[in-house]
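*Asks:* Here is my input; please provide its structure:
(one chain, ligands or ions: 1)
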Amino acid sequence: MDDFRNKVVYQIYPKSFRDSNGDGVGDLRGVTEKLDYIRALGADYIWLTPFFPSPQRDNGYDVADYCAVDPMFGTMADMEELLREAEKRGVGLMLDMVFNHTSTAHRWFRLALAGEKRYQDYYIFRDGPPDAPPTNWQSKFGGSAWEYVPGLGKWYLHLFDVTQADLNWENPAVREEMKNVIRFWQGKGVRAFRFDVVNLISKPDTFENDMEGDGRRFYTDGPRIHEHIRELVRDTGLAGAVTVGEMSSTSLDHCVRYTQPQNGELSMTFSFHHLKVDYRNGDKWQLQPPDLTRLRELFETWQTGMARGGGWNALFWCNHDQPRVVSRFGDDGRYWKESAKMLALCLHLMRGTPYIYQGEELGMTNAYFDRIEQYRDVESVNYFRILTASGMDRRQVMEILRARSRDNSRTPMQWNDTPNAGFTSGTPWIGVSQRNPGANAEAEEKDASSILSFYRRLIRLRKTHPIIARGDIRFLCQDQPGVIAYRRALDGAELTVICNFTAEEITVPDFSGRGEAALLLDSYERPPLIQASGIRLTPFEGCAFLQ
Ligand code: GLC
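*Replies:* From the prediction side, this is the model:
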């Protein structure tokens, strides 16, 4: 079995990574072209977000055929070549399995619409009058989670876009179809899988209105969720593979169960609580500065809770759904380099498997778009409409999108500082980020003090110091606002990490007396100042000591 604890995963959003044929859209050959870059970084796996045939309403998370390649990304032969070339370099591919829903363009859904009972049972259809959806549940992309089909006189459930119909996992035939998808890709040599919003697949037997919320409490970590995951893993022999489940609004207890090795479920889980500390009242569309105390508490709860329960975390700041971390929790202006490095250090030395989202290792920033026409994401476009219709000032809506839109992470990967960032020779499907063209691979590869070089070092350290993958974790400095500090321990060795998440200087008293420890890394590339009163951290300084 592959020990996923000392691995690092690099996430590629192919649409925005590298366009090999000049049509403005990234493709699989583009990924193959850049494999040496990923190998040089030191990542073990590439998580490829969906490249399957899709109408692209939700950029490929609306899958119309799980066992083929969308012509926009290339051919099956390109995919096989990518697999071969990656393997030659010791890099594995992790494919993204979107099993909660299919696109309404999927053959199964089309047959359901055509009246085939067998395929109607693949989805969640409910009878009802056209003016009354079966429940008041809300779609995660805004509006009702139900859509009426006049021809059938039935409603179908879609927790996401109206073109993403939820599958009926209570139907054994659906579960068999999903296993066959995994077997198909295993047959091509794929050994690692990510499961999209997998904790939403188990719906309750009866559907009722939610008087307290949007319906999520009825289907999140739903009634038969562990059973479904265990069956899928057992019947496809995935127990020895590297697997990660994306868990929406989940709980620590469930994540421990999803990842305890004896349960035969998943290697690790993505959870999102730490990425909601800048949501006001839990609402993504209301801005507030990050609550750093809450951030620290959440890391402590999840890190120590998962360790106690014998579970395993996926560690991440960024993905294709999140704004860029340096713009979010760092400072993408004055302290761009220092804060990007501090954030990386803080995350990578915790207990779990780190994920790096394309461009994060370069310190890529948010998009800073200023016109609604620049946005592409269905969620951003929907919420622009919803928020302006609710009476919110257009300028304020644009400011919210600038901070929150998923397009912040979907701008083209910055390979160099030419106008299209070396992503395409054509017109990119989405504009390049309007901030910091200096955050690019060509410049950073030559610079030993670049953010890229720092990420490379962090990955190497994981491979040379077992304490990073295997040590326990204990949090320090709990009452120091703006500081996240922790200590890892293994076989008498100790690794201490102290990070300043603010633009102020901070003295951390806890550290005094540890003079014999050796500096491993510092986001300023020099030792921090150690005084009798403690360790003095400059703005966004993060450092790690080993003893
Ligand atoms: C996950 C994906 C996101 C997608 C959603 C629906 O959250 O990461 O991009 O929109 O699932 O599939």
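
*Asks:* Can you mark which positions in the top helix by length along the chain are buried?
*Replies:* Secondary structure of the chain read by DSSP state H shows that its longest helix is helix 292-309. Buried residues in helix 292-309, counted by 16 or more other C-beta atoms under 10 Å: 292-293, 295-300, 302-307. Glycine gets a C-beta too; all of them are placed from N, C-alpha and C.

*Asks:* Any idea how far it is from the middle of the chain?
*Replies:* Here the centre of helix 292-309 is set off from its chain's centre by 18 Å, with C-alpha atoms, centre = their mean, to the nearest Å.

*Asks:* Who are the packing partners of that helix?
*Replies:* Counting contacts by 3 or more C-beta pairs under 8 Å, 6 or more residues apart in numbering; DSSP states H and E, helix 292-309 packs against helix 252-259, strand 472-476, strand 483-490.

*Asks:* Identify the residues contacting the closest residue to the ligand within the stretch 401-547 of the chain.
*Replies:* In the stretch 401-547 of the chain, no residue comes nearer to the ligand than R406, which is 7.0 Å away by C-beta to the nearest ligand atom. Applying C-beta atoms under 8 Å, 6 or more residues apart in numbering to R406 gives the contacts H320, D321, Q322, D377, E379, S380.

*Asks:* any idea how far C67 is from the fourth one?
*Replies:* To tie it back to what came earlier, the one meant is D377. Using C-beta to C-beta, to the nearest Å, we find D377 at a distance of 26 Å from C67.

*Asks:* higher neighbour count, those two?
*Replies:* Using other C-beta atoms under 10 Å as the criterion, D377 and C67 rank with D377 on top: 21 against 15.

*Asks:* show me where the stretch 151-300 of the chain has helices.
*Replies:* 172-187, 216-219, 225-236, 252-259, 292-309 (DSSP state H, counting those that start in this stretch).

*Asks:* wait, what's in contact with the nearest residue to W137 once chain neighbours are set aside?
*Replies:* Spatial nearest neighbour of W137, excluding adjacent residues (C-beta to C-beta, 6 or more residues apart in numbering): G215 at 3.0 Å. Neighbouring residues of G215 by C-beta under 8 Å, 6+ apart: T135, N136, W137, Q138, A145.

*Asks:* Of all pairs in those, which one spans the longest distance?
*Replies:* Largest separation among the contacts of G215 by C-beta to C-beta: T135 and Q138, giving 9.7 Å.

*Asks:* These two: who's more crowded?
*Replies:* More crowded of T135 and Q138, by other C-beta under 10 Å: T135, with 20 against 17.

*Asks:* And the pLDDT at the more buried one?
*Replies:* Note on T135: pLDDT of 98.

*Asks:* so it makes contact with N209?
*Replies:* Yes: using C-beta atoms under 8 Å, T135 is in contact with N209, at 5.2 Å.

*Asks:* Now stretch 454-473: buried residues?
*Replies:* Applying a neighbour-count criterion of 16+ other C-beta under 10 Å, one finds 454-459, 461-462, 465, 467-469, 471, 473 buried in stretch 454-473.

*Asks:* interface residues of the protein facing the ligand?
*Replies:* With C-beta under 6 Å from any ligand atom as the criterion, the chain comes near the ligand at residues D58, Y61, V98, F160, D196, V197, E246, H320, D321.

*Asks:* Doesn't the last one belong to a strand?
*Replies:* Pointing back at D321 there. No: applying DSSP: H, G, I helix; E, B strand; the rest coil, one finds D321 to be coil, outside a strand.

*Asks:* Now do the contacts for it.
*Replies:* Counting by C-beta under 8 Å, 6+ apart, D321 makes contact with R406, S409.

*Asks:* Tell me how many other residues crowd the closest residue to L519 other than its chain neighbours.
*Replies:* Among residues not flanking L519 along the chain, P527 sits closest, at 5.1 Å (C-beta to C-beta, 6+ apart). Using other C-beta under 10 Å, P527 has 12 other residues around it.

*Asks:* go on, P419?
*Replies:* Around P419 there are 8 residues (other C-beta under 10 Å).
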